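*Asks:* Sequence plus predicted model, see below.
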Amino acid sequence: MEGQTQLVCRDCGRTASVRGELPEEYTACFLEVVNRDGFVPSPGEGRVDFLCGACLATYKGSETADDEEKIRR
């Protein structure tokens, strides 16, 4: 039985498919998608959303905004 899911970036909607026949194949495919497209769980959320690598590179959360002001001083 094949497992399949689709990762969706919460900010831009970019998608990537993860699929595999055995747990090892599924995990290997997930790691390939993470390495290739940079998908990671989005920070600071109560639910599991994902960000693609491009959106993560420009991500600015509340902690980042708060700390940015302190760093500039």
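*Replies:* Good, I have the coordinates.
*Asks:* Only C-alpha atoms from now on, for both contacts and neighbour counts.
*Replies:* OK.
*Asks:* Can you tell me the SS state at the residue lying closest to Gln4 once chain neighbours are set aside?
*Replies:* Closest residue to Gln4 apart from its sequence neighbours, by CA to CA, 6 or more residues apart in numbering: Arg19 at 4.2 Å. Under DSSP: H, G, I helix; E, B strand; the rest coil, the three-state class of Arg19 is strand.
*Asks:* How about the contacts made by Arg19?
*Replies:* Going by CA atoms under 8 Å, 6 or more residues apart in numbering, Arg19 touches Glu2, Gly3, Gln4, Thr5, Glu25, Tyr26, Cys29, Phe30.
*Asks:* For PyMOL, what selects the buried ones among these?
*Replies:* For the buried members of those, the matching PyMOL selection, counting by 16 or more other CA atoms under 10 Å, is:
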select buried, resi 26+29+30
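*Asks:* Restricted to helices, list the contacts of Arg19.
*Replies:* Cross-referencing the contacts of Arg19 against helices under DSSP state H gives Glu25, Tyr26, Cys29, Phe30.
*Asks:* Understood, closing this out.
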